[in-house]
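**Student:** the following comprises the amino acid sequence and a computationally predicted model.
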Amino acid sequence: MLYERINTLELPVESITFDNGIEFNAVGILAKKLGIKIYKADKYASFQRGTNENFNGIVRRVYKKGTDFNKVSREEILNLEKE
């Protein structure tokens, strides 16, 4: 089960803020089990997800739209996070 695999990870996450897309409907159940707070941004309020929007911009400078992130190494992602 996915929860059992995730529960063994060390997650330095205390909260998640996301938009109102349907892809996030089931996140609440998992977040509750992991003790992570969930916040939903209002519609058309990307400024409420400032860190996310900023990091998306950094990612898109290096990896253009359509990039297959399955082909990007963990080391490359970690280096990008440090920028």
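**Tutor:** On my side now, so go ahead. These numbers come from a predicted model, not from an experiment.

**Student:** mind listing what's buried in stretch 49-59?
**Tutor:** Of the residues in stretch 49-59, those buried under the neighbour-count criterion (16 or more other CB atoms under 10 Å) are 49, 59. Using the backbone N, CA and C atoms, a C-beta is placed for each residue, glycine as well.

**Student:** can you offset everything so residue one is 28?
**Tutor:** OK, 28 is where the count begins now, so the last one is stretch 76-86.

**Student:** need the contact partners of the top helix by length along the chain.
**Tutor:** Counting by DSSP state H, the longest helix found in the chain is helix 77-89. Counting contacts by CB atoms under 8 Å, 6 or more residues apart in numbering, the residues outside helix 77-89 that touch it are 44, 73, 74, 107, 110.

**Student:** so after that helix, what's the next helix or strand?
**Tutor:** Stepping forward along the backbone from helix 77-89, the first helix or strand reached (DSSP states H and E) is helix 101-109.

**Student:** does anything pack onto that next one? Which helices or strands?
**Tutor:** Packing contacts for helix 101-109, counted by 3 or more CB pairs under 8 Å, 6 or more residues apart in numbering; DSSP states H and E, involve helix 77-89.
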